[in-house]
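Colleague: attaching a predicted model along with its sequence, questions to come.
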Amino acid sequence: MLNNSIKLNPKLFDADVEQIPIRKGFGEGLLRAAELDTRVVGLCADLTESTQMHLFKQRFPERFIEIGVAEQNLATVASGMAAMGKIPFISSYAVFSPGRNWEQIRTTIAYNNVPVKIVGSHAGVSVGPDGGSHQALEDMAIMRVIPRMVVISPCDAIAAKKATLAAALTASPTYIRLAREKTPIITTEETPFEIGKAEMFWRSKNSPLKKGLSQGRSEGRGIFPSVGIIATGALLYRAILVAKRLDSEGKYVTVVNLSTIKPLDEEAILKLAREMGAIVTVEEHQIYGGMGSTVAEYLAKHFPVPIEFIGVNDRFGQSGKPDELIEFYGMGEKDIYNAAHRVMLRK
Amino acid sequence: MPPLTDDKIKFLTEKAADIRSSIIHMLILAKSGHTAGPLDMADILTYLYFHALKHDPKTPSWPYRDRLVLSNGHICPVLYATLAHAGYFPMETLKTLRTFGSILQGHPHRDFLPTLETSSGPLGSGLSQTVGMALADRMDHGRSSGKQFYCLMSDGELNAGNSWEGAMLAGKEKIQNLTVIVDRNNIQIDGFTEDIMPLNPLTDKWRAWNWHVQEADGHNFRDIDRVIGEARAVFDKPSVIIVHTIAAKGIPEFERKFEWHGKPPGTPQEIETALKALDDIRTMGGKVASPHHN
């Protein structure tokens, strides 16, 4: 069942669940952050409305810099502004920033250790009709590998607003990943959000403890069919739907929202692996180098358990409707459900 | 800026000779690093730190200081030597260039030497960072903050598109307290700039992005003083100064040769040649005694 203590959207399972693009939460968050702190400035590369930075621009035109189609300049100008005490947010499509300007982000932002916030919108295949060139599937991999870089992938618009406000308060170079299309609102204003903290969103009623089936060095290593699903971004919604179905089949399922990919909430991941004994990771990103890789790197060393990876399997995207693309590339509910069964068999 | 008197020119000339000497000694000890650029920019760095810049070696983080960004980070031996001579850190430290734990990293890194405005090395990004600094300063203080923003660039790094992205933005924003100094030494690692990737007509390129463009002899303090003064007086545009320099200036045997772009004097003969040339600079070819013999 949904974790009641974190006050998730009570209408989450309604057919008409409210849907808002994640990027919209960034736009509102930036506006609020700028109201609270005069050091916050915004720079954009000719995509001001698309990335929702226009809300900030309209309110604070004197703190907005239009860079034009020049993402390397976007990163480096922001680095200079940060060196003078500003907290710059730079926004573009994730394919271009942090895609095109990776070395500038590495050297002039992270190596320089300045608090630039890189906001990559239009991540994932759910960008849809624009096609593969505009669907960023590698952004988390190339950002998380940079020392000092914080990587955040919010699950809905409300979380994106909180992530933006939280990022404005830190001195760290930070990457925030956004999506284009409307996606279900999973959280509420009351749901906690903390950079670096994973939250448990779903926990089965079917605890093996209640049935006296716990055994061995971990509960999940027993014969009871249990699985932990770790999701990031909007696919978390699908992960919760799958958990509900598995729950109804008598399986023991926990879903964790991993909104911060780096720094990794190691304690939460370890706890999940110990309890469940099998993991499915779910992300709208290349499997290589993404969130699942992060989890696997950690668990391989500290508590190896079977893992199945839901994500894009070393391919580029293409034009289509968001839902059909998510299914075509193996990230639909059916895929998550099957992966959960596969991984439970591997225990 | 104070007037550039004859006495001051004499002082700067001697200081530049000392800095060149430090550079060569550093490179010989380090056994790696770049020779040509540091030597040919020694006069410019000397002029800036000992005449033009508003700065305080005792308080490197003084917020009202002028900002100097070294975009072509590979010529850092000249920046390090100049900073040491200006009193930012002990001269002894120069001997640690490029060694483990040194504040003098092979390319500038602020983690190790916070006095630096930026870490640099990868080419083409310094101008944009300087533009960002000037824009942030303008947001806080308007057009009359009193600070000057200098960016030193190599001619080779103008191959990089990021350089021109920064130039375009500075032209658009009419950043009048920004001065770029391009070291026109005509060489880069693989050869002469006009063979590798022609830059000429270089002044026209900058004019096209709405910059105030000047040229100067990079080894003539009076000429340098003239163009820096004019750059500061221009109020509607950013300024660029193309300083014509002689690559590896100070060691005649090395001068103008692109082979000396990226390596230090290494063989005993090369080291002897370099040291003799430096001695000649100080002693006018042995005609006068040098107080610097060591």
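Modeller: Happy to help now that I have it. Numbers count the residues shown, from 1 in each chain, chains lettered A, B, ... in the order given.
Colleague: quick one: the closest residue to chain A within the stretch 51-200 of chain B from residue A:265, how far?
Modeller: Nearest to chain A in the stretch 51-200 of chain B, going by CB to the nearest CB, is residue B:132, at a distance of 2.4 Å. For glycine as for every other residue, the C-beta is placed from the backbone atoms N, C-alpha and C. Applying CB to CB, to the nearest Å, the value for residue B:132 to residue A:265 is 33 Å.
Colleague: of those two, who's got more company?
Modeller: Shown here are residue B:132 and residue A:265; by other CB atoms under 10 Å in any protein chain shown, residue B:132 has more neighbours (34 against 21).
Colleague: list the buried residues of the helix or strand hosting the more buried one.
Modeller: Element membership of residue B:132, judged by DSSP states H and E, is helix B:126-141. For helix B:126-141, a neighbour-count test (16 or more other CB atoms under 10 Å in any protein chain shown) marks B:126-139 as buried.
Colleague: enumerate the positions of stretch A:311-326 that are buried.
Modeller: Neighbour-count burial for stretch A:311-326, counted by 16+ other CB under 10 Å, picks out A:311, A:312, A:317, A:320, A:322, A:325, A:326.
Colleague: and if you look at stretch B:255-268?
Modeller: Quick answer for stretch B:255-268 (16+ other CB under 10 Å): B:255, B:256, B:258, B:260, B:261, B:262, B:263, B:264, B:265.
Colleague: I'd say residue B:29 and residue B:102 touch.
Modeller: No - assessed by CB atoms under 8 Å, residue B:29 is found out of contact with residue B:102, at 11.1 Å.
Colleague: what about the helices in the stretch 101-250 of chain B?
Modeller: For the stretch 101-250 of chain B, the helices defined by DSSP state H, counting those that start in this stretch cover B:126-141, B:161-173, B:193-196, B:202-208, B:221-233.
Colleague: which residue packs closest to residue B:26, ignoring adjacent ones?
Modeller: Excluding its sequence neighbours, the residue lying closest to residue B:26 (CB to CB, 6 or more residues apart in numbering or on different chains) is residue B:97, at 4.6 Å.
Colleague: tell me the phi and psi of the one you found?
Modeller: Backbone torsions of residue B:97, given as degrees, to the nearest 10, read phi -50, psi 130.
Colleague: got a list of what it touches?
Modeller: Counting by CB atoms under 8 Å, 6 or more residues apart in numbering or on different chains, residue B:97 touches B:26, B:27, B:29, B:30, B:33, B:77, B:80, B:104, B:106.
Colleague: kindly recompute the last result at 6 Å.
Modeller: With contacts defined as CB atoms under 6 Å, 6 or more residues apart in numbering or on different chains, residue B:97 is in contact with B:26, B:30, B:104.
Colleague: closest to residue A:27 out of those residues?
Modeller: residue B:104 (44.6 Å; CB to CB).
Colleague: report pLDDT for the residue lying closest to that closest one once chain neighbours are set aside.
Modeller: Distances taken as CB to CB, 6+ apart put residue B:97 closest to residue B:104, at 4.6 Å, once the chain neighbours are dropped. pLDDT, residue B:97: 97.
Colleague: so the closest residue to chain B within chain A: helix, strand or coil?
Modeller: When scored by CB to the nearest CB, chain A has residue A:80 as its residue closest to chain B, at 2.4 Å. Taken by DSSP: H, G, I helix; E, B strand; the rest coil, the conformation at residue A:80 corresponds to helix.
Colleague: looking at the buried residues of stretch B:255-268, which is nearest chain A?
Modeller: residue B:262 (19.2 Å).
Colleague: for that closest one, list the residues it contacts.
Modeller: By CB under 6 Å, 6+ apart, the residues touching residue B:262 are B:34, B:189.
Colleague: pretty sure it is in a helix, no?
Modeller: No - assessed with three-state DSSP, residue B:262 is coil; it does not lie in a helix.
Colleague: for residue B:167, see how far away it is.
Modeller: Distance from residue B:262 to residue B:167, by CB to CB: 25 Å.
Colleague: quick revisit: in TSV: the contacts of residue B:97, plus pLDDT.
Modeller: Listed next are the contacts of residue B:97 as TSV, based on pLDDT from 0 to 100:
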residue	pLDDT
B:26	96
B:30	95
B:104	98
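Colleague: all the strands of chain A, residue numbers only.
Modeller: A:19-21, A:40-44, A:64-66, A:87-93, A:117-121, A:150-152, A:174-177, A:182-184, A:199-203, A:226-231, A:252-257, A:260-262, A:279-286, A:307-312 (DSSP state E).
Colleague: including mean pLDDT and distance to chain B, could those go into JSON lines?
Modeller: Formatted as JSON lines, those follow (pLDDT from 0 to 100; distance: least, CB to the nearest CB, whole Å):
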{"stretch": "strand A:19-21", "mean pLDDT": "97", "distance to chain B": "29"}
{"stretch": "strand A:40-44", "mean pLDDT": "98", "distance to chain B": "7"}
{"stretch": "strand A:64-66", "mean pLDDT": "98", "distance to chain B": "6"}
{"stretch": "strand A:87-93", "mean pLDDT": "98", "distance to chain B": "8"}
{"stretch": "strand A:117-121", "mean pLDDT": "98", "distance to chain B": "14"}
{"stretch": "strand A:150-152", "mean pLDDT": "98", "distance to chain B": "18"}
{"stretch": "strand A:174-177", "mean pLDDT": "98", "distance to chain B": "17"}
{"stretch": "strand A:182-184", "mean pLDDT": "97", "distance to chain B": "34"}
{"stretch": "strand A:199-203", "mean pLDDT": "96", "distance to chain B": "34"}
{"stretch": "strand A:226-231", "mean pLDDT": "97", "distance to chain B": "34"}
{"stretch": "strand A:252-257", "mean pLDDT": "97", "distance to chain B": "34"}
{"stretch": "strand A:260-262", "mean pLDDT": "98", "distance to chain B": "20"}
{"stretch": "strand A:279-286", "mean pLDDT": "98", "distance to chain B": "26"}
{"stretch": "strand A:307-312", "mean pLDDT": "98", "distance to chain B": "30"}
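Colleague: let me have these in TSV, extended by distance to residue A:102.
Modeller: Below are these laid out as TSV (distance: least, CB to CB, whole Å):
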stretch	distance to residue A:102
strand A:19-21	25
strand A:40-44	17
strand A:64-66	21
strand A:87-93	13
strand A:117-121	10
strand A:150-152	14
strand A:174-177	11
strand A:182-184	27
strand A:199-203	30
strand A:226-231	26
strand A:252-257	27
strand A:260-262	16
strand A:279-286	15
strand A:307-312	19
